[in-house]
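Participant: Build me a structure from this.
(one chain, ligands or ions: 1)
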Amino acid sequence: MFDLSGRVVLVTGASRGIGRAIALELGRAGAAVAVHYHHRADRASEVVNTIEGLGAAARAFAADISDRGQVDALLRAVGEWKGRLDGLVTSAGIFRGPSVEEVDAADWTELIATDLEGTFRSVQAALPYLRRSDQAAIVTVSSVLGSHPAVGGVPYQAAKGGIEQMTRALAIELAPAIRVNAVAPGFIRTDINRTGHEDPTFHDQVARATALRRWGEPEDIAPAVRYLLSREADWVTGIVLGIDGGIALR
Ligand SMILES: NC(=O)c1ccc[n+]([C@@H]2O[C@H](COP(=O)([O-])OP(=O)(O)OC[C@H]3O[C@@H](n4cnc5c(N)ncnc54)[C@H](OP(=O)(O)O)[C@@H]3O)[C@@H](O)[C@H]2O)c1
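Facilitator: Down below sits the predicted model:
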C-alpha cells in the first residue's frame, strides 16, 4: 500500500520539522527524495543520509523559497537530478504571530513572499517537469489556522487561507493531469512554535483544546502525505485534509 517506488518527489522545507518527517516517510515508501532547505545544510544532509540508509535515493538542494529566481533554479536542478519529477510537497514556511497593530510592511511582505508566493512559485516552476509524469501529484501545507481564525498572526492566517483556495483552484485547472491536495496540521511540536510548546501554560492550553488531548508530532502528518501522493489516492484532488487531533472541532 502507498508504494512510491520509481517516483521522484521534491519536499520543500525538508531539513526540519514536518517537511523532514515527510521526506523520511517518502524515502521509506521507496521514492527518490529531493530534500530542500534554506540555511540548515547540516540538518538537510542528516535527512539525506537517513533516507539513503533506508535504501532510497536522496539529495539536498538549497534555495530561498521567497526568491522567485532561486525557486526556478531549484526546480531546474531537481528536474535534472533524475531526469523526472513526479511529486511536489510544499512544506517550507515561517510563522510570525504579531498583533494587527504590530505588523509592519516588512513583516507582511516576508510572510506572504515565503508562505503564499513561495508555495505558488514552487508549483509553477515544477509544472514543466510534473506535466511529463503520468502520476503527478502536489501536496501543499496549510494549517488549522487557514480556516479557523485565532488572535495574532493575521498575515500567516491570510497566507494559509490563500494556500487552501490556491489548492482547490490548482486542482481544477491542472486536472486530470496533476492532482493537487493540501494537508492542514493542527499544533505540531517543531522549531516553528518552540517558544509555544516549551511554555507549560500554552502547552497545556493547546493540549486541552485538542480533542485527542495532545500536541501533534511531525510523524502524525507524514503518512497522509504519502497516501495523497500514491496511486491509492488516484481519485482524490482538491481536498484540504485536516490532521489536527480534533482541534478544529471547537
Ligand atoms: N508546526 C506546526 O504546528 C504547524 C502547524 C500547521 C502548519 N504548519 C506548517 O508546516 C510547514 C512546516 O513547518 P514546521 O513546523 O515543520 O517548521 P520548521 O520546523 O520551522 O521548519 C521550517 C522549514 O522551512 C524551511 N524554510 C523556512 N523559511 C524558508 C525560506 N525562506 N526558504 C526556504 N526554506 C525555508 C526551513 O529551512 P532551514 O532548516 O534550512 O531553515 C525548514 O526546513 C509550514 O508551512 C508551517 O506553516 C506547521
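Participant: Chain neighbours aside, what residue packs nearest to I163?
Facilitator: Counting by Cβ to Cβ, 6 or more residues apart in numbering, I163 lies nearest to S142, which is 4.8 Å off, once chain neighbours are set aside. For the C-beta atoms, the positions are set from N, CA and C on the backbone; glycine is no exception.
Participant: same thing with W108?
Facilitator: W108 sits nearest to P155 (Cβ to Cβ, 6+ apart), 5.1 Å away.
Participant: these two touch, right, that neighbour and A105?
Facilitator: No: between P155 and A105 there is no contact under Cβ atoms under 8 Å: 10.8 Å.
Participant: In terms of neighbours, single out the busier of the two.
Facilitator: Taking other Cβ atoms under 10 Å, P155 and A105 do not tie; P155 has more neighbours (21 against 7).
Participant: gap between that one and E219?
Facilitator: 28 Å (Cβ to Cβ, to the nearest Å).
Participant: And for T114?
Facilitator: 24 Å.
Participant: Looking at these two, which one has more neighbours?
Facilitator: Each of T114 and E219 has its neighbours counted (other Cβ under 10 Å); T114 has more, 23 against 14.
Participant: so is N181 in a helix, a strand, or just coil?
Facilitator: Three-state assignment for N181 (DSSP: H, G, I helix; E, B strand; the rest coil): strand.
Participant: give me the number of residues near it?
Facilitator: N181: 24 neighbours (other Cβ under 10 Å).
Participant: Name whatever forms a beta bridge with it.
Facilitator: Beta-bridge partners of N181, counted by DSSP bridges, are V139.
Participant: wouldn't it be in contact with T237 here?
Facilitator: Yes: N181 is within contact range of T237, at 6.3 Å (criterion: Cβ under 8 Å).
Participant: Now do the shared contacts for those two.
Facilitator: A171 (Cβ atoms under 8 Å, 6 or more residues apart in numbering).
Participant: which non-adjacent residue is nearest E219?
Facilitator: A21 (5.1 Å).
Participant: what about the helix ranked longest in the chain, near the ligand?
Facilitator: Taking DSSP state H as the criterion, the chain has its longest helix at helix 154-174. No: contact of helix 154-174 with the ligand (Cβ under 6 Å from any ligand atom) is absent, the minimum separation being 6.8 Å.
Participant: cool, and stretch 190-201?
Facilitator: Yes: on the criterion Cβ under 6 Å from any ligand atom, stretch 190-201 is in touch with the ligand at T190, D191, I192, N193.
Participant: Select only the buried ones of those in ChimeraX?
Facilitator: Buried residues within the residues of stretch 190-201 next to the ligand, by 16 or more other Cβ atoms under 10 Å, are selected in ChimeraX with:
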select :190,192,193
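Participant: Find the pair from the residues of stretch 190-201 next to the ligand with maximum spatial separation.
Facilitator: Maximum pairwise distance among the residues of stretch 190-201 next to the ligand (Cβ to Cβ): 7.9 Å, between D191 and N193.
Participant: Which positions within the longest helix of the chain qualify as buried?
Facilitator: Under the neighbour-count criterion of 16+ other Cβ under 10 Å, helix 154-174 has 154-164, 166-168, 170-171, 174 buried.
Participant: cool, stretch 124-138 as well?
Facilitator: Buried residues in stretch 124-138 (16+ other Cβ under 10 Å): A125, A126, L127, Y129, L130, S133, Q135, A136, A137, I138.
Participant: Now tabulate these in TSV and tack on secondary structure, distance to I94 and pLDDT.
Facilitator: Output for the buried residues of stretch 124-138, formatted as TSV (DSSP: H, G, I helix; E, B strand; the rest coil; distance: Cβ to Cβ, whole Å; pLDDT from 0 to 100):
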residue	secondary structure	distance to I94	pLDDT
A125	helix	20	98
A126	helix	21	98
L127	helix	24	98
Y129	helix	26	98
L130	helix	25	98
S133	coil	29	98
Q135	coil	31	96
A136	strand	27	98
A137	strand	25	99
I138	strand	20	99
